[in-house]
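>>> The following comprises the amino acid sequence and a computationally predicted model.
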Amino acid sequence: MKIVVIGGTGLIGSKLVALLAADGHDAVAASPGTGVNTLTGDGLAEVLTGADVVVDVSNSPSFEAAAVLEFFTTSTRNLLAAETVAGVRHHVALSVVGTQRLPESGYFRAKIAQEQLIESSPIPFSLVHATQFFEFLAGIVDSATDGSTVRLAPVLIQPMAADDVAAELRDVAVGAPTNARVDIAGPERFRLDDLGRRFLAARDDAREVVTDLTAPYFGAVLQEDTLVPLGEATLGSTHLQDWAAR
């Protein structure tokens, strides 16, 4: 199959392209760096010619509310329109576990808008909701930092390795469209504040984690289970200790 990966040169996309190519598929990495820009539409028609599946793992370069909404809505509209013309049979998009429970956050409102566009399109689809990546723990901690203090809520979090995210996306991409959401997560649950302490200690980082029930997470206040799957989920195999040892 020809599978085009939008955002195919990024963290998840590059891993996914490599997995698909190793399985014998015609895997194409599409990004502004390869001449494909979903915001402007440049290069879309060319790269989608003959494509069976499109996997969108792209992300907004800005988390500012208006900018991120513009990115996801414009990019998704352009992409779906080009896919319709090209006859793409399966649209796969990577999203985040808990997105529908975080409407206070501008970023997650934009992801909700993206998903609504995909669900209303005539193209068969699969939405893959992943928990936070181990690779993004630094960003989570940094976003909660004020001076030498890191304020994190003691809520549940079930992070997973980027390698496992890519592997699950590979399986979804080559399978039949689900026309639904599929949750994927790591094999272990932690408390976010405790995980922050472990992360900083492993890096000999002197910042102090303060437990704060009202600490915002990218603009939203979290409930106990906001960041973890509420029902059935496919679990990755990589534990935090093994990922950290790599």
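That came through, no problem.
>>> Name the helix or strand for K15, please.
helix 11-22 (DSSP states H and E).
>>> so what does that helix touch, helix or strand wise?
Under the contact definition 3 or more C-beta pairs under 8 Å, 6 or more residues apart in numbering; DSSP states H and E, helix 11-22 sits against strand 2-6, strand 26-30, helix 162-173. All C-beta atoms are positioned from the backbone trio N, CA, C, and that covers glycine.
>>> by how many degrees do that helix and strand 26-30 diverge?
160 degrees (axes from the mean of the first three to the mean of the last three C-alpha atoms, to 10 degrees).
>>> For A233, which of the helices and strands packed on helix 11-22 is the nearest?
helix 162-173 (10.1 Å; C-beta to C-beta).
>>> Remind me what whatever helix or strand comes next after the closest one packs against, helices and strands.
Going down the chain from helix 162-173, the next helix or strand is strand 181-185, by DSSP H and E. Under the contact criterion of 3+ C-beta pairs under 8 Å, 6+ apart, strand 181-185 touches strand 125-130, helix 162-173, strand 234-235.
>>> Could you figure out how far strand 181-185 is turned away from strand 125-130?
Going by the same axes, to 10 degrees, strand 181-185 makes 20 degrees with strand 125-130.
>>> ok, strand 181-185: who's next to it in the sheet?
strand 125-130 (parallel), strand 234-235 (parallel) (DSSP bridges).
>>> which element follows the longest one toward the C-terminus?
So that's strand 125-130. Next along from strand 125-130, by DSSP H and E: helix 137-143.
>>> Tell me which residues of stretch 49-66 come out buried.
Using 16 or more other C-beta atoms under 10 Å as the test for burial, stretch 49-66 gives 51-60, 63.
>>> helices and strands of this structure: which one has the lowest mean pLDDT?
strand 220-221 (a mean of 88; mean pLDDT, DSSP states H and E).
>>> partners of that one, with directions?
Strand 220-221 is paired, per DSSP bridges, with strand 216-217 (antiparallel).
>>> who touches the partner strand?
102, 105, 140, 144, 153, 192, 226-227 (C-beta atoms under 8 Å, 6 or more residues apart in numbering).
>>> and V55, bridged to which residues?
Bridge pairing for V55 - DSSP bridges - gives V5, V92.
>>> Residue most distant from the centroid, this protein?
A206 (29.4 Å; C-alpha atoms, centre = their mean).
>>> Quick check: closest non-adjacent residue to that one.
In space, A206 comes closest to S148 once its chain neighbours are excluded; the distance is 6.8 Å by C-beta to C-beta, 6 or more residues apart in numbering.
>>> from what I can see that neighbour touches R207, true?
Yes: the criterion here is C-beta atoms under 8 Å, and S148 meets it with R207 at 5.3 Å.
>>> Of those two, give the one with the bigger neighbour count.
R207 (18 against 9; other C-beta atoms under 10 Å).
>>> what's the spacing between that one and F71?
For R207, the distance to F71 equals 31 Å [C-beta to C-beta, to the nearest Å].
>>> Repeat that for I118.
For I118, the distance to F71 - C-beta to C-beta - is 15 Å.
>>> contacting residues for A110?
Here A110 is in contact with 60, 65, 68-69, 71-73 (C-beta under 8 Å, 6+ apart).
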